[in-house]
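Colleague: I'll drop the sequence and a predicted model, then ask my questions.
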Amino acid sequence: MKYLLIIYTDPTHETTPEEMAAYYGYSAKFGAKVLGGEGLEMPDTATTVRVQNGQTLTTDGPYIETKEVLGGYYLVEAADLDEAIEMAAAIPGAAYGAVEVRPVMQYD
């Protein structure tokens, strides 16, 4: 199964060089099970898009205000939820934020 590991982080946390090295090493640790992933810019760079009555409306900033911000994600292949949780726990950001594990919908 595929899972999206969504990394939420404290925007005031300054990532150390050791944490960055751990992020870079994450793909090497899990190899082919990591299908992709990226870090994201801070929320003040976001644009929220809505379509209402056929008109596209944009708003600066993220969709919602929260204490933690969406910092990035990994798309992984795991045998089951337990393995996906193990992979999520290995993400450095889990130590100072949170990682949401969400199964990717499978279409027939």
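Modeller: In hand now; what should we look at? Residues are numbered from 1 along each chain as shown.

Colleague: Need phi/psi at N53.
Modeller: Dihedral angles phi and psi of N53 (degrees, to the nearest 10) take the values phi 50, psi 40.

Colleague: Give me the neighbour count for it.
Modeller: The local packing of N53 (other CB atoms under 10 Å) involves 5 other residues. The way it works is simple: take the backbone N, C-alpha and C, and place the C-beta from them, glycine included.

Colleague: how close does it get to T9?
Modeller: Remark: distance between N53 and T9 (CB to CB, to the nearest Å) = 36 Å.

Colleague: Over to T45?
Modeller: Between T45 and T9 the distance is 15 Å, computed by CB to CB.

Colleague: Please identify which of these two sits among more neighbours.
Modeller: Neighbours around T45 and T9, counted as other CB under 10 Å, are more numerous at T9. The numbers are 21 against 10.
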